[in-house]
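Trainee: Sequence and predicted structure are below.
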Amino acid sequence: MEQLEKLANIGIVLPKLFPFEQSKPEEMISGLLTILEDPFFTAVEVSYIADKETRELAKSYMEYSGVEILFNGGDAFRELKINLSSLDPVIRSQSIQQCFMLIDHCYEMNAKVMHIVTGKYEGEETKQQGIIAFMDSTMQLCKYAKEKASSYELCISLEIGDRHMDRRYLLGPTHEAVNVAQIIRSEYNNFGLLLDQSHLPLMGEDPNKSLWLAKDYLTHIHIGNCYMKDREASYFGDKHIPFGIKDSEVGVAELTSFIRTLDDIEFFKRPKPTRKPVITFEVGRLGSESQKLVIANIKRTFFEAWAQA
């Protein structure tokens, strides 16, 4: 592989490693500064920041540091109870309006991508109705993002997740998400897909096949780990645990293969909404260990995998 700095920006999902309460925005700023002061990270995914002054402060720090900015919708959607695939018209309308607010926040902070998720999978009987509702909602978001654009156009990106194991998202299998992307992209070019390496084992998918399926729609990539062996474990499922946990699904070998496939599908060469392609680590703490220890875990795993890719 070529020199990393030539090919990609490396980021972290801030709220996963530094969760905070809206009543304590100083905790978010402290975590953000930890990342911005580390030159390894050249991108960062922030999420919903209710306080306008804190958003402005975060923006100033991110601009000063020169990082690429993305918006993590998964955490925001859970906090605000957003469901774009709801079959209840009131809930869906409210969800769309909340997403309009988040799009405004993205433009305030100069985030180039806002990723979104579907609501829950409620069974085969309502699956197709939910997907249609989600597509309609998402097209409204894409349209709004275009209308609000000035110096750049915000990209709306669907993060794919497991349907049956833990999160129970409507979308869902990669091939179904690709079908949705084809339809939405036919009308709105500011839409794409986000694949998370840690979700793919939970979805029962081969990561390399999923990357090939989604290659024409990828906005950026999440890298992380998951655990499936024991349902009774506190970190079972989509908990974004550090690398190297016994019996977990993603280690150096899996990450090496994943990076090789990213290169094979020309992920690093295809145009993206960001300055350079972005790989973001979505990794949190397993227990009470320090965030700095988790960051060291990320770096050691990544450097070894990149060297072997």
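Mentor: Arrived safely.
Trainee: Relative to S234, how far out is K246?
Mentor: 14 Å (CB to CB, to the nearest Å). C-betas here are computed from N, CA, C, even on glycine.
Trainee: And A181, by the same measure?
Mentor: 34 Å.
Trainee: Give me the more crowded residue out of these two.
Mentor: When neighbours are counted by other CB atoms under 10 Å, A181 and S234 differ, and A181 comes out ahead with 24 against 10.
Trainee: Find the residue closest to the more buried one in space, skipping its chain neighbours.
Mentor: Setting aside the residues directly before and after it, A181 is nearest to Y217 in space (CB to CB, 6 or more residues apart in numbering), at 4.4 Å.
Trainee: The one you found: neighbouring residues, count only.
Mentor: 20.
Trainee: Could you list the residues in contact with the helix or strand bottoming out on mean pLDDT in the chain?
Mentor: Every helix and strand of the chain was ranked by mean pLDDT, DSSP states H and E. The lowest is helix 4-7, at a mean of 90. Applying CB atoms under 8 Å, 6 or more residues apart in numbering, the contact partners of helix 4-7 are M1, I10, T42, F268, K276, P277, W306.
Trainee: Tell me the buried residues in the helix or strand following it?
Mentor: Per DSSP states H and E, the first helix or strand lying C-terminal to helix 4-7 is strand 9-13. For strand 9-13, burial by neighbour count (16 or more other CB atoms under 10 Å) applies to N9, I10, G11, I12, V13.
Trainee: Could you measure from the third one over to E249?
Mentor: For G11, the distance to E249 (CB to CB) stands at 22 Å.
Trainee: Including pLDDT and distance to A133, could the buried residues of strand 9-13 go into JSON lines?
Mentor: Formatted as JSON lines, these follow (pLDDT from 0 to 100; distance: CB to CB, whole Å):
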{"residue": "N9", "pLDDT": "97", "distance to A133": "34"}
{"residue": "I10", "pLDDT": "98", "distance to A133": "35"}
{"residue": "G11", "pLDDT": "98", "distance to A133": "31"}
{"residue": "I12", "pLDDT": "98", "distance to A133": "32"}
{"residue": "V13", "pLDDT": "98", "distance to A133": "27"}
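Trainee: Between these, which sits nearest I69?
Mentor: G11 (9.0 Å; CB to CB).
Trainee: The residue of the chain most remote from its centre sits in which helix or strand?
Mentor: The outermost residue of the chain relative to its centre, with distances by CA atoms, centre = their mean, is E125 at 28.4 Å. Remark: E125 resides in helix 124-148, with elements defined by DSSP H and E.
Trainee: Just after that helix, pick out the following helix or strand.
Mentor: Later in the chain than helix 124-148, the nearest helix or strand by DSSP H and E is strand 155-159.
Trainee: Please save the CA atoms from that following strand in PDB.
Mentor: Extracted C-alpha coordinates of strand 155-159, given in PDB (Å, rounded to 0.1, in the frame of the first residue of the first chain):
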ATOM      1  CA  CYS A 155     -24.000  14.200   1.300                       C
ATOM      2  CA  ILE A 156     -26.600  12.100   3.100                       C
ATOM      3  CA  SER A 157     -25.200   8.600   3.700                       C
ATOM      4  CA  LEU A 158     -27.100   5.500   4.900                       C
ATOM      5  CA  GLU A 159     -25.200   3.400   7.400                       C
END
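Trainee: Name every strand pairing with that strand and say which way it goes.
Mentor: Strand 155-159 sits in its sheet next to strand 113-116 (parallel), strand 191-196 (parallel), going by DSSP bridges.
Trainee: List the contacts of G251.
Mentor: Counting by CB under 8 Å, 6+ apart, G251 makes contact with N225, F243, G244, T301.
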